[in-house]
Structures are given as C-alpha cells and as structure tokens.
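> dropping the sequence and predicted coords here.
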Amino acid sequence: MISRNRNRLIIALNILVFAIALRAIHIDADTPSGLSWSAGLYVDEGYKTLAPRNLILFGNTHWHTADTYKGWMKPSPVTQWSVYAAFKNFGVYISAARLVPIIYFSLLILLCTFFIYRRYNLTLFILGLILLSTDITLFTFSRVALFEVPISFFLYALILPLS
C-alpha cells in the first residue's frame, strides 16, 4: 500500500512539474493570433496590469491627472496586488505579470490533486491530472495576465471542499 501511494505521488509530482514548467516556456511571447475572436486576449493584459505598473513606476495608480481609466485596484485587489508584487520583485515586464496566473494555476492544480488523490483509482487520478494540466483553454489563460485563472482558483477553493 505504501509503495502504491508513493508511486501515485511520484507520477502526480512529475505531471505537476511538467504542467507548471510548460507554462513558463517563452512566457513573454505574444499570444498566438487566431486563438480568440475577441481582442481581449491581446489587449486586456495591458489594462489589467496598468494600475500596478503605474504604482511601481509613478507611485500612484494613475500616471497623470488626465488619466481617467478607473483601473482594477479596488475591484480586484487580490489579483492587482499579486501583479504589483511580481512587478516589484521581477521588474515591470509582461513576463513578470504573467507569472501571477502561473502561480494561481499551480495552486489550482495542487488543490485539485489534493481533492482527487484518494477519491479515484490510479488510472482515473492520473488521467484527470493530465487532462486538467493539458486543457488548451486553461493552458492559454494560465499564460496571460488576466483574471480567469485566479478567479478559477478561488472558486474551486470554495467548491472542492464541499464535494
């Protein structure tokens, strides 16, 4: 029983490390064109990271008094302060902002691993981890500095303990 659990953990750990590392490859590359019919994947990162950027560069969430964009510091403080911390530690670069969803994805997949670990047999457990870690939508959104992955983490952190 101990060796079975150890094997399960080793396999899961390898999948997790691979899934997380895969997201960090060329993290500053542009999002591939044609991935979405919406311009959001290509434009919104700038808007979602503007307030933390301004706070780092100018000491205020607005760079000028004529800047009337409300920003996201108040409506989404958890994501915004996470981006601020990334900018503070790694510089004001798109790659630093994109580390935030990778961290939240890592937390999300660890959370899912914790809750499905003992509920399912080894085959289903491994298959579930592989499918979750390779889902193209989750992969794409975990590589862009948007709110979807952090929101998913908090949503599943509330739901999974109830299951």
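Sure, I can see it. Numbering: from 1, shown residues only.

> apart from its chain neighbours, what residue comes closest to the spatially most central residue of the chain?
Centroid-nearest residue in the chain: residue 101, 2.0 Å away (criterion: C-alpha atoms, centre = their mean). Computed as C-beta to C-beta, 6 or more residues apart in numbering, the closest residue to residue 101 that is not its neighbour in sequence is residue 149, at 4.2 Å. For glycine as for every other residue, the C-beta is placed from the backbone atoms N, C-alpha and C.

> residues contacting that neighbour?
With contact set as C-beta atoms under 8 Å, 6 or more residues apart in numbering, residue 149 has these partners: 101, 104-105, 108, 138, 141-142.

> neighbours around the nearest residue to residue 141 once chain neighbours are set aside, how many?
What sits nearest to residue 141 in space, not counting adjacent residues and going by C-beta to C-beta, 6+ apart, is residue 148, at 4.5 Å. By the measure other C-beta atoms under 10 Å, the count of residues near residue 148 is 15.

> next, give phi and psi for residue 148.
In terms of degrees, to the nearest 10, the main-chain angles of residue 148 are phi -60, psi -50.

> surely it and residue 154 touch.
No. Applying C-beta atoms under 8 Å as the test, residue 148 and residue 154 come out as separate, 11.3 Å apart.

> number of nearby residues for residue 35?
A total of 13 residues lie near residue 35 under the criterion other C-beta under 10 Å.
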